[in-house]
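J.: Fold the following for me, if possible:
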Amino acid sequence: MNNTGAKNWLVIYSCIIPGIWILFFLSLFIFNILQYHLFVHSFIAIFNRFLIPLLFGGILLYTMYRGLETRLVVANSLLAIMAALYAGEFYLAYHLKILQQHAAKTASIQFDTRDKISVIRDMRAAGIDAFPVMRGENLLFPDTDGKLQPVTSVNGKPLLPLASIPGSVVVVCNESGQWQTYRADRYGFNNPDKQWDSQIDIGMVGDSFTHGSCVPRDKNMATYLNTRLGGVINLGVGGFGPLLELATLTEYLQPLRPPVVLWVFYEGNDLNEDLPREIKSPLLLNYLHHDDFSQDLIHRTGDVKTALHAFMDQRLIEAMHLVDGPYENFIRYLTLDRLREAIGMGPILIGYNFGDMDTELALFSKILDKANQRVNAWGGQLYLVYLPESDRYLSRFGKSVVREDIYRGVMKIANNLQIPFIDIADVFARDPDPATLYAYP
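T.: Now for the predicted structure:
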């Protein structure tokens with residue numbers, strides 16, 4: 001390559017690398033501007049969210065007008081930073097694998113390197129009726145108007161199952177070196193089936209933490225409560241948000257009428273991610289707006305099995321990818337997910353929100369009020385359990401404005417509705433090392 005050609009490439013390089021960073025800071029600034037109302041009440045938030053992106057973006061833009069030598073120094077420095085960040089991400093992924101292997105060795109189990117579809121195929125080859133974990137959220141597909149409609153049906157009529165195939169072996173995930181599986185109960189939830197034949201005193205609704213995703217059944221919340229108190233039924237499902245939890249309460253707890261209902265609210269995604277998606281489903285909104293609405297799922301186990309079998313027998317890979325996306329691991333690397341997780345810089349801290357926080361809190365208040373009315377109608381007591389995300393204790397960047405808005409907003413809703421509020425965030429905060437209270441990573 002001649003000198004002219006080499007210089008041209010250096011000019012391009014010296015512009016592309018800073019340009020990528022300028023676009024990053026500009027995108028960050030625009031993202032924060034779109035949610036300015038979340039940050040305008042805090043000077044620190046204003047400085048971090050608006051001034052820092054403008055400052056760094058402005059400095060980099062200024063360097064673009066400097067000489068080639070200056071631009072090359074800046075480009076090389078920025079490239080080195082990028083390389084260091086992604087090296088850290090790859091190291092953490094490798095380190096996590098080592099931790100998983102060590103955990104498996106400590107537990108005297110063989111570290112399982114198979115992917116989910118291989119596990120399912122091996123189990124089926126052994127005569128076991130195995131399927132990937134399924135949840136109502138992933139059975140809703142957008143129609144031409146953008147409304148989410150059930151992809152499953154029976155006799156041509158839409159039906160939205162809320163959990164996995166009743167009685168099947170459910171393959172969940174592998175976070176500890178061994179694939180976690182369980183046999184779903186008669187309604188598709190994560191309980192020993194015999195639990196439904198005993199006196200039900202406590203019903204639990206929630207998402208993956210309640211469900212016990214990726215941990216053995218004997219180590220989930222419901223099992224511990226059942227050991228100490230007895231009569232606990234677990235209706236938690238990974239990916240559930242407030243409307244799906246209201247649907248579950250209506251379909252399965254209302255007929256049972258337990259004296260106590262624990263609504264486990266997870267601050268990490270219930271409002272900012274799950275609820276904005278769920279409100280696009282007319283069927284789920286029916287549980288809120290119509291007191292007499294029900295799919296009568298507790299009496300339609302056969303229909304639920306038929307609908308789920310028809311979907312998963314024909315579209316098994318697609319069904320599996322609905323829960324675990326085929327590009328999920330690549331996206332984790334691209335977004336430095338493990339690195340951000342290690343320093344507590346998750347979606348809530350960043351300010352990630354599909355909708356509007358005030359709107360979400362107002363809607364959650366209506367949903368919780370409806371749930372409370374239904375529980376009170378059968379003489380039961382609803383408790384709101386506030387479950388914090390690990391970033392609350394891991395973050396190196398202080399408190400998240402969005403997280404605190406969720407925390408204060410949900411507590412206010414519970415107080416206004418006179419629903420007992422069980423504050424796990426406060427309990428965890430008093431632990432010497434609250435990060436150790438989370439099983440993963």
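J.: now the stretch 201-350 of the chain, which segments are flagged as low pLDDT?
T.: Across the stretch 201-350 of the chain, the ranges flagged by pLDDT under 70 are 320, 322-323, 325-326.
J.: Tell me which stretches of it form strands.
T.: Listed in chain order, the strands of the stretch 201-350 of the chain (DSSP state E, counting those that start in this stretch) span 202-205, 232-234, 260-266.
J.: Which strands or helices does the helix or strand hosting residue 56 pack on?
T.: Assessed by DSSP states H and E, residue 56 sits inside helix 52-63. Secondary-structure packing of helix 52-63 (3 or more CB pairs under 8 Å, 6 or more residues apart in numbering; DSSP states H and E): helix 3-34, helix 68-106. Quick note: C-beta positions are derived from backbone N, CA and C, even for glycine.
J.: Kindly calculate the angle that that helix makes with helix 3-34.
T.: 160 degrees (axes from the mean of the first three to the mean of the last three CA atoms, to 10 degrees).
J.: what angle sits between helix 52-63 and helix 68-106?
T.: Interaxial angle of helix 52-63 relative to helix 68-106 (the same axes, to 10 degrees): 140 degrees.
J.: contacting residues around helix 52-63?
T.: 18, 21, 22, 25, 26, 28, 29, 32, 70, 71, 74, 78 (CB atoms under 8 Å, 6 or more residues apart in numbering).
J.: Now the two most distant members of those residues.
T.: 32 and 70 (29.0 Å; CB to CB).
J.: More neighbours: those two, which one.
T.: residue 32 (20 against 14; other CB atoms under 10 Å).
J.: can I get the strands of the stretch 201-350 of the chain in CSV with distance to residue 294 and mean neighbour count?
T.: Shown next, in CSV, are the strands of the stretch 201-350 of the chain (distance: least, CB to CB, whole Å; neighbours: other CB atoms under 10 Å):
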stretch, distance to residue 294, mean neighbour count
strand 202-205, 16, 26
strand 232-234, 18, 25
strand 260-266, 17, 23
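J.: Make a markdown table out of the ones you listed and add distance to residue 108.
T.: Shown next, in a markdown table, are these (distance: least, CB to CB, whole Å):
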| stretch | distance to residue 108 |
| --- | --- |
| strand 202-205 | 31 |
| strand 232-234 | 28 |
| strand 260-266 | 32 |
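J.: ok, back up a step: for residue 158, which of the helices and strands packed on helix 52-63 is the nearest?
T.: helix 3-34 (34.5 Å).
J.: Helices of the stretch 201-350 of the chain, start to end?
T.: With DSSP state H, counting those that start in this stretch, the ranges of helices along the stretch 201-350 of the chain come out as 208-211, 221-229, 242-248, 254-256, 275-278, 282-289, 301-314, 316-323, 328-334, 337-342, 347-350.
J.: Please work out which of those helices is packed deepest.
T.: helix 242-248 (a mean of 26; mean count of other CB atoms under 10 Å).
J.: Can you give the contact residues for it?
T.: Identification of contacts with helix 242-248 by CB under 8 Å, 6+ apart yields 135-137, 160, 162, 205-207, 235, 237, 240, 263, 265, 270-271, 274-275, 278-279, 281, 284-285, 287-288, 363-364, 367-368, 370-371.
J.: And stretch 383-398, by the same measure?
T.: Stretch 383-398 has contacts (CB under 8 Å, 6+ apart) with 44, 48, 206, 209, 260-268, 341-346, 348-349, 368, 400, 403, 407, 410-411, 414, 419-425, 428-429, 434-435, 438.
J.: next one: stretch 18-30
T.: Residues contacting stretch 18-30 (CB under 8 Å, 6+ apart): 50, 53-54, 56-57, 60-61, 63-64, 71, 74-75, 78.
J.: now do 10 Å
T.: 15, 49-61, 63-64, 71, 74-75, 77-79, 81-82, 350-351 (CB atoms under 10 Å, 6 or more residues apart in numbering).
J.: mind saving the C-alpha coords of that stretch as CSV?
T.: Listed next in CSV are the C-alpha coordinates belonging to stretch 18-30 (Å, rounded to 0.1, in the frame of the first residue of the first chain):
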residue,chain,number,x,y,z
PRO,A,18,-14.4,8.6,17.8
GLY,A,19,-17.5,8.8,15.7
ILE,A,20,-18.8,5.5,17.3
TRP,A,21,-18.3,7.0,20.7
ILE,A,22,-19.9,10.3,19.8
LEU,A,23,-22.9,8.4,18.6
PHE,A,24,-22.9,6.5,21.8
PHE,A,25,-22.9,9.6,24.0
LEU,A,26,-25.5,11.3,21.7
SER,A,27,-27.8,8.2,22.0
LEU,A,28,-27.4,8.2,25.7
PHE,A,29,-28.3,11.9,25.9
ILE,A,30,-31.4,11.4,23.7
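J.: Now do the buried residues in that stretch.
T.: 18, 21, 22, 25, 28, 29 (16 or more other CB atoms under 10 Å).
J.: Residue 397: how many residues sit nearby?
T.: So residue 397, with other CB under 10 Å, has 13 neighbours.
J.: how much space is there between it and residue 382?
T.: Using CB to CB, to the nearest Å, residue 397 is found at 35 Å from residue 382.
J.: ditto for residue 357
T.: Distance from residue 357 to residue 382, by CB to CB: 23 Å.
J.: Same drill for those two, tell me which one is more crowded.
T.: residue 382 (22 against 19).
J.: Spell out which helix or strand contains the more buried one, please.
T.: Here residue 382 is assigned to strand 381-387, by DSSP H and E.
J.: Buried ones in that strand, by neighbour count?
T.: For strand 381-387, the buried set under the neighbour-count rule, 16+ other CB under 10 Å, comprises 382, 383, 384, 385, 386, 387.
J.: list the contacts for the first one?
T.: So that's residue 382. Contacts of residue 382 by CB under 10 Å, 6+ apart are 203, 205, 249, 260-263, 368, 371-376, 414, 417, 419-420.
J.: mind checking which helix or strand the spatially closest residue to it that is not a sequence neighbour is in?
T.: Spatial nearest neighbour of residue 382, excluding adjacent residues (CB to CB, 6 or more residues apart in numbering): residue 375 at 4.3 Å. Residue 375 is part of helix 357-377, with elements assigned from DSSP H and E.
J.: Brilliant, that's me finished.
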